[in-house]
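Engineer: Just to be clear, the model below is a prediction. Sequence and coordinates:
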Amino acid sequence: MAKVTREMVEKTGINVDELVQLLVNNAAAELTTFYYYTILRVNLIGLEGEGVKEIAETARIEDRNHFEALVPRIYELGGKLPEDMKAFHDCSACPPARLPKDPKDTKAMLTVLVGAERCAVRGYTHICNLTAGKDHRTYDLSQAILNEEIEHESWFSEFLGEGPSGHFLRRGETSPFVSKFLR
């Protein structure tokens, strides 16, 4: 634990234990989403599914990166990950992004994908609002993740026909906002 780091965040009036719990819950959401997106991506087949597969893969890898970027901050603030994987899964900030009953229904899969991203956008917006001007490192990290989650939501909502987002798939680059936290 970085004692001075935690002390400085506490001095801003943030309840650090609550913040750490939010970070752990969001880390659980990222890791479980990585897992469930793996299953979803494998099942994206056929003409409709193949069009979504690359975007789902990018979101999947970036969610893993979000997990990796959150872990150091959790420990810097004196927190830790649960020792039991099932407990970690169950504390996720977002519901599981499970495969729909009909795995060939691409629209149902897109609904699952966009729902997971919308949950993430809400969660990181909350953390940003909580830490803005108070905990600069957690804010910067959460804002970077939020930027990527907004792009994920935009990609999937376009496929659902909700309108153009103005966002484009990244070529050869993943986690452009979060990559600085992975070094």
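Structural biologist: Everything's here; your move. Numbering: from 1, shown residues only.

Engineer: What are the boundaries of the helices in this structure?
Structural biologist: 3-11, 16-43, 46-76, 85-90, 106-131, 136-159 (DSSP state H).

Engineer: Turn these into JSON lines, columns for mean neighbour count, mean pLDDT and distance to L99.
Structural biologist: (Each C-beta comes from the backbone N, C-alpha and C, glycine too.) Listed next are the helices of the chain as JSON lines, based on neighbours: other C-beta atoms under 10 Å; pLDDT from 0 to 100; distance: least, C-beta to C-beta, whole Å:
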{"stretch": "helix 3-11", "mean neighbour count": "14", "mean pLDDT": "95", "distance to L99": "39"}
{"stretch": "helix 16-43", "mean neighbour count": "20", "mean pLDDT": "97", "distance to L99": "5"}
{"stretch": "helix 46-76", "mean neighbour count": "19", "mean pLDDT": "94", "distance to L99": "12"}
{"stretch": "helix 85-90", "mean neighbour count": "12", "mean pLDDT": "97", "distance to L99": "16"}
{"stretch": "helix 106-131", "mean neighbour count": "20", "mean pLDDT": "97", "distance to L99": "7"}
{"stretch": "helix 136-159", "mean neighbour count": "21", "mean pLDDT": "96", "distance to L99": "15"}
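
Engineer: Reformat these as TSV; add distance to R98.
Structural biologist: Shown next, in TSV, are the helices of the chain (distance: least, C-beta to C-beta, whole Å):
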stretch	distance to R98
helix 3-11	35
helix 16-43	6
helix 46-76	14
helix 85-90	12
helix 106-131	7
helix 136-159	16
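
Engineer: wait, what's in contact with the closest residue to S165 other than its chain neighbours?
Structural biologist: Closest residue in space to S165, ignoring its immediate chain neighbours: S154 at 3.4 Å, by C-beta to C-beta, 6 or more residues apart in numbering. By C-beta atoms under 8 Å, 6 or more residues apart in numbering, the contact list for S154 reads 165-167.

Engineer: Which one of the helices of the chain lies nearest to R171?
Structural biologist: For R171, the closest of the helices of the chain is helix 46-76, at 9.7 Å, according to C-beta to C-beta.

Engineer: could you say what helices and strands that closest one packs with?
Structural biologist: When contacts are defined as 3 or more C-beta pairs under 8 Å, 6 or more residues apart in numbering; DSSP states H and E, helix 46-76 sits against helix 16-43, helix 106-131, helix 136-159.
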